[in-house]
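Chemist: Provide a 3D model corresponding to the input given below.
(2 chains)
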There are 2 protein chains.
Amino acid sequence: MKIELENVLPRDIEKRSFEIITEELGDIKLDPEKELIIKRVIHTTADFEYVNNLKFSDNAVEKAMEAIKNGACIVTDTQMAKSGINKKALAKYGGEVFCFMSDEDVAKIAKENGTTRATASMDKASEIDRKLIFAIGNAPTALVRLYELIKEGKINPRLVIGVPVGFVNVVQSKELIMESGVDFIVAKGRKGGSNVAAAICNALLYMINDDRE
Amino acid sequence: MKIELENVLPRDIEKRSFEIITEELGDIKLDPEKELIIKRVIHTTADFEYVNNLKFSDNAVEKAMEAIKNGACIVTDTQMAKSGINKKALAKYGGEVFCFMSDEDVAKIAKENGTTRATASMDKASEIDRKLIFAIGNAPTALVRLYELIKEGKINPRLVIGVPVGFVNVVQSKELIMESGVDFIVAKGRKGGSNVAAAICNALLYMINDDRE
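Modeler: Predicted coordinates:
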């Protein structure tokens, strides 16, 4: 078998990828507000199921972009998601990315309370006095705790990106967030991941201003 | 609609997830050598397609575990994959994780040569005088360059985890690695990701010795 590589310049690889995604979507028309987010998630996963899985509250994208422009910070539930977010792009508007999962106080409190570290790290996030976007790509327990904190009036996220992946309470935790009353972008069902969470954050950033080198 | 959460203790969530995966695999019998790797990738992606997508060279798992026990290091093509690998577990055997993607010299050489940073970072990796496992979850150009370096006799990886995701040369780059003559674990087709690369590394580590807290 002869393996032939497509000749694409490094700077054109992403553009070409998005062209292929658009071609393969064919007649499927995406809502223009959501289009770049859905396509970036497909770009990150090569999984076209996200066309149907991704659910948005009304005007979630517009409001999230506004929050970022006004200095919103992003809280993740994994170091992987934090790694994947374009922190330089976020910093232009004054925002930064927080992940408390490796913090010693979080580990200690989780152990004392018999919860996950993800739960304890949401409690820690609730003490930050900044505009917050949550990008949850791993732990359904983080989403469940967020739901409780929202209901108790202890936190008021500008957006919850609810895309944990897996088998235990993943589906349910996403349903809770969609009922919580806050703005959301959720991947319904079992699929998602830290990569998906980061891709959605980056899509929002590049929709505001894409001046990557 | 009433949303009911399954009552699972934090320490049992992963175990319960693997039970569900096993249940849903039903009559599908996995090769015992590969079983924990395939299941961990499904655990990370909620995508059962990996049962068929993941391809292994003969005894790849056994040889990779042996290399890790003898101090092999892991080279990734993203900071995300590096983030996701259990570096503490690897350090027990003397190994560490390298990612050169953010290095200034790599950016400079890539620019000069008109290549991707992933290509330049494989060249940099070829100068390391250690046993190496490559965990490539993003850039097909990294796999293509690895193939060339292998063929030129400039590098001799103990294992190449070839799981980039996407649309441009992804399929082809994986085919090249499977023809290169080195040991591989590859996700055939377009799917993969930094999360998948990290999951495979962690599966190898936990197969050697799973004493996570």
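
Chemist: rest of the way, CA atoms for contacts and neighbours
Modeler: OK.

Chemist: can you give me the helices for chain A?
Modeler: A:13-25, A:32-45, A:50-53, A:60-69, A:79-84, A:87-91, A:104-113, A:117-125, A:140-151, A:170-179, A:194-208 (DSSP state H).

Chemist: what residues does chain A put near chain B?
Modeler: A:3-6, A:9-10, A:13, A:16-17, A:20, A:43-47, A:79-81, A:83-84, A:114-116, A:165-169, A:172-173, A:175-176, A:190-195 (CA under 8 Å from any CA of the partner chain).

Chemist: now these: which count as buried?
Modeler: Among these, those classed as buried by 16 or more other CA atoms under 10 Å in any protein chain shown are A:10, A:13, A:17, A:20, A:43-47, A:79-81, A:83-84, A:115-116, A:165-169, A:172-173, A:175-176, A:190-195.

Chemist: in chain A, where is pLDDT below threshold?
Modeler: The model of chain A has pLDDT under 70 over residues A:1, A:213.

Chemist: and the residue nearest to residue A:156 when sequence neighbours are not counted, how many neighbours?
Modeler: Nearest in space to residue A:156, with sequence neighbours left out and distances taken as CA to CA, 6 or more residues apart in numbering or on different chains, is residue A:150 at 6.2 Å. For residue A:150, the number of neighbouring residues by other CA atoms under 10 Å in any protein chain shown comes to 18.

Chemist: residue A:150 contacts residue A:180, correct?
Modeler: Yes. Using CA atoms under 8 Å, residue A:150 makes contact with residue A:180 at a distance of 7.1 Å.

Chemist: return every residue with contacts to both of the two.
Modeler: Here residue A:150 and residue A:180 share no contacting residue, scored by CA atoms under 8 Å, 6 or more residues apart in numbering or on different chains.

Chemist: tell me the spacing between residue A:27 and chain B.
Modeler: From residue A:27 across to chain B, the span is 19 Å (CA to the nearest CA, to the nearest Å).

Chemist: residues in contact with that residue?
Modeler: Residue A:27 neighbours (CA under 8 Å, 6+ apart): none.

Chemist: any idea how far residue A:7 is from it?
Modeler: Counting by CA to CA, to the nearest Å, the gap from residue A:27 to residue A:7 is 27 Å.

Chemist: same deal with residue A:140?
Modeler: Counting by CA to CA, the gap from residue A:140 to residue A:7 is 42 Å.

Chemist: which of those two has more neighbours?
Modeler: Using other CA under 10 Å as the criterion, residue A:140 and residue A:7 rank with residue A:140 on top: 26 against 9.

Chemist: could you find the closest non-adjacent residue to residue A:145?
Modeler: Residue A:145 sits nearest to residue A:119 (CA to CA, 6+ apart), 5.7 Å away.
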